[in-house]
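Peer 1: I'll drop the sequence and a predicted model, then ask my questions.
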Number of protein chains: 2
Amino acid sequence: MTKAKSEAATGRRIPDYSDPSYWRGTIKMSLSKFFVLSVLHRKPMHGYEVVQAVEKSTNGCCSPSEGTVYPVLNEFEAGGYLASTNEVVQGRSRKVYALTEKGRDAFQVAVDAWLEATDCIVESRRMAAGAVKREEREG
Amino acid sequence: MTKAKSEAATGRRIPDYSDPSYWRGTIKMSLSKFFVLSVLHRKPMHGYEVVQAVEKSTNGCCSPSEGTVYPVLNEFEAGGYLASTNEVVQGRSRKVYALTEKGRDAFQVAVDAWLEATDCIVESRRMAAGAVKREEREG
DNA sequence: AACCTATACCTCGATGATCGAGGCGTCAAG
DNA sequence: CTTGACGCCTCGATCATCGAGGTATAGGTT
């Protein structure tokens, strides 16, 4: 049962942290709900449209799948963050979601929390750049 | 077996999205590994120190628990992103972790991915602010 | 008619990240 | 000798997301 060295320590496989897609994955993980609220803040949309709007508005850096978005929309609606109305377009019916007051509040909270985090991220890059500069100067 | 209305639709409880701690939670979820690399980019540290350094350097906005950090450190080491040396301080031995070249590369990749995401976040706030302004002007 | 593609919504099992509670041991102060 | 800070670790539970799959209609092509 000899396992690859990298698996031996933890018992499970280790992601490739040098691969941008790893980081994009975890970014997506926490930002999907945020961006769903974000695109709906601009205008009401139906689910399919939300999926595409998120992908487009984030330049593809956060593109949640339908399997993520639809349950999220349902949950948001059940929680009172969204209200849906039925719309019939060319014989086909679709559910159009709009942010409620509660939803707008929640989005504001989310924005604040994330801006705080982005400050930390930007700051950490500044620090890292500083460390590199110090190395160049002193090393 | 009548359930609360908010639970009926999805079958599971709905978090309070108006609560900052919800968003801080998901932020933490994706940024813990990032900030572990970040603080180790500044200087080598042992695990306990990493926990405190992350908390401090992010002003508490991302404070992973020990139960998160220790497994992460082991995984990073197993993957070759960190190298550890034993250090004895006052009779007590501790493992000091330092970023390897590979780890530095991975951090750079992470920073790039996150900066792209932060741009989207900032932009989404700008759009939201614009929408509010339009409402004030027109409504 | 049969077929394909785009639209539109949904479900389910698997994976992965984190928490929090707990365990284990050392050292120093009271 | 107990308490608290240090220091490392594990495990079960929870949650977010994926991706593959299912269902159905509209419009177009062959």
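Peer 2: That came in fine, so what should we check first?

Peer 1: pretty sure residue A:127 contacts residue B:42?
Peer 2: Yes. With contacts counted by C-beta atoms under 8 Å, residue A:127 reaches residue B:42, the gap being 6.1 Å. Bear in mind the C-beta positions are built from the backbone N, C-alpha and C, glycine included.

Peer 1: And the residue of chain A that's closest to DNA strand D?
Peer 2: residue A:67 (2.3 Å; C-beta to the nearest atom of the strand).

Peer 1: before we move on, which element is that residue in?
Peer 2: Per DSSP states H and E: residue A:67 is located in helix A:66-78.

Peer 1: So which bits of chain A are right by DNA strand D?
Peer 2: With the criterion set to C-beta under 7 Å from any atom of the strand, chain A comes near DNA strand D through A:25, A:28-33, A:63-68, A:71-72, A:90-92.

Peer 1: Of these, keep whichever come out buried.
Peer 2: A:28, A:30-33, A:63-64, A:68, A:72 (16 or more other C-beta atoms under 10 Å in any protein chain shown).

Peer 1: what helix or strand is the closest residue to residue A:15 other than its chain neighbours on?
Peer 2: Once flanking residues are discounted, residue A:15 sits nearest to residue A:22: 4.9 Å by C-beta to C-beta, 6 or more residues apart in numbering or on different chains. Of the helices and strands defined by DSSP H and E, residue A:22 is found in helix A:20-42.

Peer 1: so, in contact with chain B or not, the helix or strand just after that helix?
Peer 2: Next helix or strand after helix A:20-42 toward the C-terminus (DSSP H and E): strand A:45-46. No. Counting by C-beta under 8 Å from any C-beta of the partner chain, chain B has no neighbours in strand A:45-46; the shortest distance is 13.7 Å.

Peer 1: Identify the neighbouring strands of strand A:45-46 in the sheet and state each direction.
Peer 2: Sheet pairing here is set by DSSP bridges, and for strand A:45-46 it gives strand A:92-99 (antiparallel).
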